[in-house]
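> What follows is a protein structure lacking sequence information:
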């Protein structure tokens, strides 16, 4: 019914030029942040709708950004995506999401699909790489994206590819802290569920665990370490194996929450009391860890912050520093001590 | 290193024409299902990679399908998407996902983003529509998609738009059953957390609840019904309000699992015993409902099946029946009785 608001209406309202309005709406770095904010707010107030297609044609940009994750049904990845969306939405970008289900071939096809859909950038967490061979084919398509001036940024699960930025957490340090906390609770036979060691973050978690043992005079015992996917079923199986050892462990630091939950359920069914007989710490701070009758100690990977930072690195690369100037950000995560590892909850 | 496999290699292997191989790979309905399967299997065995871009140019298709959901971090939506992917992947399609965060404006922009990305279809669950006005703008862009020969299929949360197919569950019937089950447990003051009544499925759940009361001689009591979003916080608040009534309810049928969990946590903190003093049934069968110390009764919305069926309706429309021949499928859901509503667990 009413006439569509144009950039001229916004310019008139703010008493600036239409060109300035246009620049502000298009995130041109020549416009101050204060002016950009004012224009954005006024545009929203006047119900201004940008003609995306015209914008895309003019700028050579689609204003779409692709995000690739192993799976969307983990609170961690969903929260990272929310962080990415919050940051990018304020800059007029839209986010489209693909999942790999930990399959390298799908990862390759997702990247190819997003490039065909003309995204302006790809923000991704790599799949559980099983074979070096396929991995190198995936590396090639990532390099092809960079050559097309489409920046690629890894978050959480990264690989080392020249020109690709990354946003991760301090996996080594926080794993060291978690293991040290178990030692302080009186545990000395500490088991570890390790993730796929081809992925850096899982290697760092494993190394942080080992270093904490060494620094506290506990000998590293290979038989206490099992590689698992973080699922309830694999966690239950793994702890069953460990509890059959002549000298079973007295605690567990798991590199994933779901496997830790499987371990807790299995230990309980075997009559173990947690934390009295056995302490458990997970990794990820999935919401269920706090819903449980016995809230689980775990590590918060600050996913919202990680998402926002990943988006910021992307924006910085396309607007200022250039596509291939990689930036590596390491965020600080938080160890949440809860009941599953607190023998003296009052002194927490 | 090795030469790329072509359709001619596959044709030679199977002793059929290259044209037949091409048709089979492109899901041409002229090719029998048996041949198509054989070609697909042989292509996979020979590590054949279709040139997607050439295919897209030849067929005018992108082989990308867009999926729009309110949020990805619900097990329900994530599982529907998995079902969609499983079905479509076998037919060479890729899936890209957008979320609306229950925001109509974002829903509009998601549809527009997907159309710009040249998807061949849009499978969506509508957002929590707040205003009729915005909704009609969203209806218009959906009609525009249909006019561009891009089929739109609703799953779970649908609206009635001519030419748009839908896949839903029997919300009315299963809500009726859930309410009746509470009555059979001896409950008579049954509360209901209802969802946004602009969305059909939530209206059906509410109506099923009301009908079960009436059919069992229980008078409907408006004050036992509260509209909530399905979050732990809103569920806790809502039950707090209800428990302050002169005659508080003795049970709850919630249209969402998260709100039901909030209610359970709040009731426990008030010293109520579940199910002895108060019975609870949720809706959605989120995984946590079974992880709880007190497993929650809930309704399984058969999300995988829903996803596969939605994909099948899409494939059927583009390959056979035509874009605008709407098809409405209603799947049968399952009532999972668990401890939170089982006063005599043995007779379950």
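That came through, no problem. Owing to the predicted nature of the structure, the values given are computational and were not obtained by experimental measurement. Residues are numbered from 1 along each chain as shown, chains lettered A, B, ... in the order given.
> can you list the domains in chain A?
A:7-50, A:62-169+A:303-332, A:171-301+A:335-341 (automatic domain parsing).
> any chance of these in JSON lines, plus mean neighbour count, distance to chain B and mean pLDDT?
For the C-beta atoms, the positions are set from N, CA and C on the backbone; glycine is no exception. Conversion of those to JSON lines gives the following (neighbours: other Cβ atoms under 10 Å in any protein chain shown; distance: least, Cβ to the nearest Cβ, whole Å; pLDDT from 0 to 100):
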{"stretch": "domain A:7-50", "mean neighbour count": "15", "distance to chain B": "9", "mean pLDDT": "82"}
{"stretch": "domain A:62-169+A:303-332", "mean neighbour count": "20", "distance to chain B": "3", "mean pLDDT": "89"}
{"stretch": "domain A:171-301+A:335-341", "mean neighbour count": "20", "distance to chain B": "4", "mean pLDDT": "95"}
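> now stretch A:254-265: how far from the chain's centre is it?
In terms of Cα atoms, centre = their mean, to the nearest Å, the centre of stretch A:254-265 is found 19 Å from the chain centre.
> can you give me the helices for chain A?
Secondary structure of chain A, counting by DSSP state H: helices at A:7-14, A:18-25, A:33-45, A:52-59, A:75-89, A:104-116, A:132-147, A:171-184, A:200-215, A:232-243, A:257-269, A:288-291, A:303-316.
> Now tabulate those helices in JSON lines and tack on distance to residue B:297.
Formatted as JSON lines, the helices of chain A follow (distance: least, Cβ to Cβ, whole Å):
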{"stretch": "helix A:7-14", "distance to residue B:297": "54"}
{"stretch": "helix A:18-25", "distance to residue B:297": "51"}
{"stretch": "helix A:33-45", "distance to residue B:297": "44"}
{"stretch": "helix A:52-59", "distance to residue B:297": "46"}
{"stretch": "helix A:75-89", "distance to residue B:297": "24"}
{"stretch": "helix A:104-116", "distance to residue B:297": "36"}
{"stretch": "helix A:132-147", "distance to residue B:297": "44"}
{"stretch": "helix A:171-184", "distance to residue B:297": "36"}
{"stretch": "helix A:200-215", "distance to residue B:297": "38"}
{"stretch": "helix A:232-243", "distance to residue B:297": "20"}
{"stretch": "helix A:257-269", "distance to residue B:297": "20"}
{"stretch": "helix A:288-291", "distance to residue B:297": "16"}
{"stretch": "helix A:303-316", "distance to residue B:297": "31"}
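> related to what we said a few turns ago, make a markdown table out of the domains of chain A and add distance to residue B:288.
As requested, those are exported to a markdown table (distance: least, Cβ to Cβ, whole Å):
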| stretch | distance to residue B:288 |
| --- | --- |
| domain A:7-50 | 37 |
| domain A:62-169+A:303-332 | 11 |
| domain A:171-301+A:335-341 | 5 |
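> how about those, which one is nearest residue B:24?
With Cβ to Cβ as the criterion, residue B:24 lies closest to domain A:62-169+A:303-332 of those, at 19.5 Å.
> now the end-to-end length of the closest one.
33 Å (Cα to Cα, to the nearest Å).
> Repeat that for stretch A:23-35.
Span of stretch A:23-35 from end to end, Cα to Cα: 10 Å.
> try stretch A:178-197
With Cα to Cα, one end of stretch A:178-197 sits 19 Å from the other.
> now stretch A:282-295
11 Å.
> re earlier: tell me which of the helices of chain A approaches residue B:87 most closely.
helix A:104-116 (14.8 Å).
> Report all helices and strands that the closest one contacts.
strand A:64-69, strand A:94-99, strand A:121-124, helix A:132-147, helix B:52-59, strand B:94-99 (3 or more Cβ pairs under 8 Å, 6 or more residues apart in numbering or on different chains; DSSP states H and E).
> would you turn those into TSV with distance to residue B:127?
TSV is the format used below for those (distance: least, Cβ to Cβ, whole Å):
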stretch	distance to residue B:127
strand A:64-69	19
strand A:94-99	15
strand A:121-124	24
helix A:132-147	31
helix B:52-59	30
strand B:94-99	9
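> Quick one: closest of these to residue A:263.
strand A:64-69 (25.0 Å).
> what distance separates the closest one from the centre of its chain?
For strand A:64-69 - counting by Cα atoms, centre = their mean - the centre lies 13 Å from the chain centre.
> That strand packs against which elements?
helix A:75-89, strand A:94-99, helix A:104-116, strand A:121-124.
> nearest residue to the residue positioned nearest the centre of chain A other than its sequence neighbours?
In chain A, the centroid-proximal residue (Cα atoms, centre = their mean) is residue A:156; its distance is 4.3 Å. Leaving out its chain neighbours, the residue that sits closest to residue A:156 by Cβ to Cβ, 6 or more residues apart in numbering or on different chains is residue A:125, at 4.7 Å.
> Could you measure from that neighbour over to residue A:246?
39 Å (Cβ to Cβ, to the nearest Å).
> Then residue A:69?
41 Å.
> these two touch, right, residue A:111 and residue A:139?
No - Residue A:111 lies out of contact with residue A:139 (Cβ atoms under 8 Å); the separation is 10.6 Å.
> The domains of chain A: which one's closest to residue B:145?
Closest among the domains of chain A, using Cβ to Cβ: domain A:62-169+A:303-332, at 16.1 Å.
> which outside residues touch stretch A:330-348?
By Cβ atoms under 8 Å, 6 or more residues apart in numbering or on different chains, the residues outside stretch A:330-348 that reach it are A:167-171, A:174, A:177-178, A:181-182, A:185-186, A:251, A:264, A:274-276, A:279-281, A:285, A:289-290, A:294-302, A:305-306, A:309.
> which residues does residue A:297 contact?
Applying Cβ under 8 Å, 6+ apart, the residues near residue A:297 are A:178, A:181, A:279-282, A:335-342.
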